[in-house]
Structures are given as structure tokens and as C-alpha cells.
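A.B. asks: Fold the following.
(chains A and B)
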Protein chains: 2
Amino acid sequence: MYGLIGQMKAAPGKRDELIAILSAGTEAMPGCLSYIVAKDATDADALWITEVWTDQDSHAGSLKLPSVQAAIAKARPIIAGFGHRFETVPVGGVGLGKA
Amino acid sequence: MYGLIGQMKAAPGKRDELIAILSAGTEAMPGCLSYIVAKDATDADALWITEVWTDQDSHAGSLKLPSVQAAIAKARPIIAGFGHRFETVPVGGVGLGKA
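C.D. replies: Numbers count the residues shown, from 1 in each chain, chains lettered A, B, ... in the order given. Here you go, the predicted structure:
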């Protein structure tokens, strides 16, 4: 499995809008076992995306999906920047979906 | 919802053992929507736990479960320390189980 833990900063006041864009259409990503969008509890403009994929190729492939490319284009103007980013190798647990 | 993203460091060479302890018995935690254990991709002794709970009380309650207390006791000798820790407010996505 391949995992990503990433922090993103929205333009001021735009976090909810950015979350809505990032959350839409995530159901149809092949190889995606988990993709959770969360608000940062202490930074009002920050959010986190934690992802688990069957493998790194699935993640790379998702970035080429028309739905994902459209979401990226829509989100770009309200992304102020990126924060922490960690790559992981998930091994198990609760809440891993089926690919 | 209540979320935690936490990094933990195992004693040298003990990561797999620590992961096994942390992964066991996680199926029976009330209010747990996601609990994924992952190896850090760059630090051979580090691991990550990403958690989603229905609320903060569920997380606090889990720490009192006999199975979790037993796991903590078993894990403690091979935990070298803790790294990053972020609290989140998950809003949705793929891979959230039922409480």
C-alpha cells in the first residue's frame, strides 16, 4: 500500500469551499482505499488529506483522471500553499476500503 | 468527527513488533471510524497512526478499554518516543467506517 499525509492551506476564508471541491468525486478513484479530508483543528485556513492507495501507481493514475484534473483546476485559485507532507506505507487497520 | 495524525518512533529494529501490537484489537473500539497504521516511508523506526472518531469522547473512551490498556502496556517498552501530532476535524471522504 501507499499512503500520503498532506497539509494544504486555503486562501483566507476559503477552506470550506476548498474542502467541498476536494471531497467531490472521490468515490470513483481506482485503487483508493481511504481518502479523508479534515480541517486542521488549530489553523483556520489549513486542512489535511490522508490517503491510502493500493500502490503508488494508483495514486499517480488518479491525478490523470478527468474528474480529478477538473477538481485541481477548480481548486488551484483558492489554494494558498502546502504544508507538511509525509509519505507512508500503510500496513493495516480499521477503515480501509476495497479498491 | 475528531481526528488524530500522530507519528511514533519505535526502539531501533522494533517497528514491526510495535505495529503488530498497535494493529491488534482495533476492530472493537466504539466510535472508531478509521484507524490506520503505516510505516514512515523515510524513517525506518517511525510509524504513523491516522485516526477518525465520531467525537473526542469516543477517542478518550478508547484509551480506557482493557484491550487498549493492555496494548499500551505491551507497547510501552518498545516506544522510543513521539514525533509529529496533529488534531483534525474530519469532514468526509472515502474509507470512513461505521461507528
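
A.B. asks: And the helix or strand residue A:9 falls within, what does it pack against?
C.D. replies: In this assignment (DSSP states H and E), residue A:9 forms part of strand A:2-10. When contacts are defined as 3 or more C-beta pairs under 8 Å, 6 or more residues apart in numbering or on different chains; DSSP states H and E, strand A:2-10 packs onto helix A:15-23, strand A:46-53, helix A:56-62, strand A:79-94, strand B:46-53. No exception for glycine: its C-beta is placed from N, CA and C like everyone else's.

A.B. asks: which residues are contacting the third one?
C.D. replies: When contacts are defined by C-beta atoms under 8 Å, 6 or more residues apart in numbering or on different chains, helix A:56-62 is touched by residues A:2, A:4, A:29, A:30, A:31, A:32, A:51, A:53, A:68, A:99.

A.B. asks: Make CSV out of the residues you listed and add neighbour count.
C.D. replies: Output for those, formatted as CSV (neighbours: other C-beta atoms under 10 Å in any protein chain shown):
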residue, neighbour count
A:2, 21
A:4, 19
A:29, 21
A:30, 11
A:31, 18
A:32, 22
A:51, 25
A:53, 24
A:68, 17
A:99, 14
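
A.B. asks: which one of these sits closest to chain B?
C.D. replies: Distance to chain B across those (C-beta to the nearest C-beta) is lowest for residue A:32, with 5.7 Å.

A.B. asks: What parts of chain A come near chain B?
C.D. replies: A:1, A:3, A:5, A:7, A:19, A:23, A:26-27, A:29, A:32-42, A:48, A:50, A:52, A:84, A:86-97 (C-beta under 8 Å from any C-beta of the partner chain).

A.B. asks: one more time with 7 Å, if that's ok
C.D. replies: With C-beta under 7 Å from any C-beta of the partner chain as the criterion, chain A meets chain B at residues A:3, A:5, A:19, A:23, A:26-27, A:32-41, A:48, A:50, A:52, A:86-97.

A.B. asks: For the helix or strand hosting residue A:74, which helices and strands make contact with it?
C.D. replies: For residue A:74, the host element (DSSP H and E) is helix A:66-75. Under the contact definition 3 or more C-beta pairs under 7 Å, 6 or more residues apart in numbering or on different chains; DSSP states H and E, helix A:66-75 sits against helix A:15-23.

A.B. asks: Done for today, thanks.
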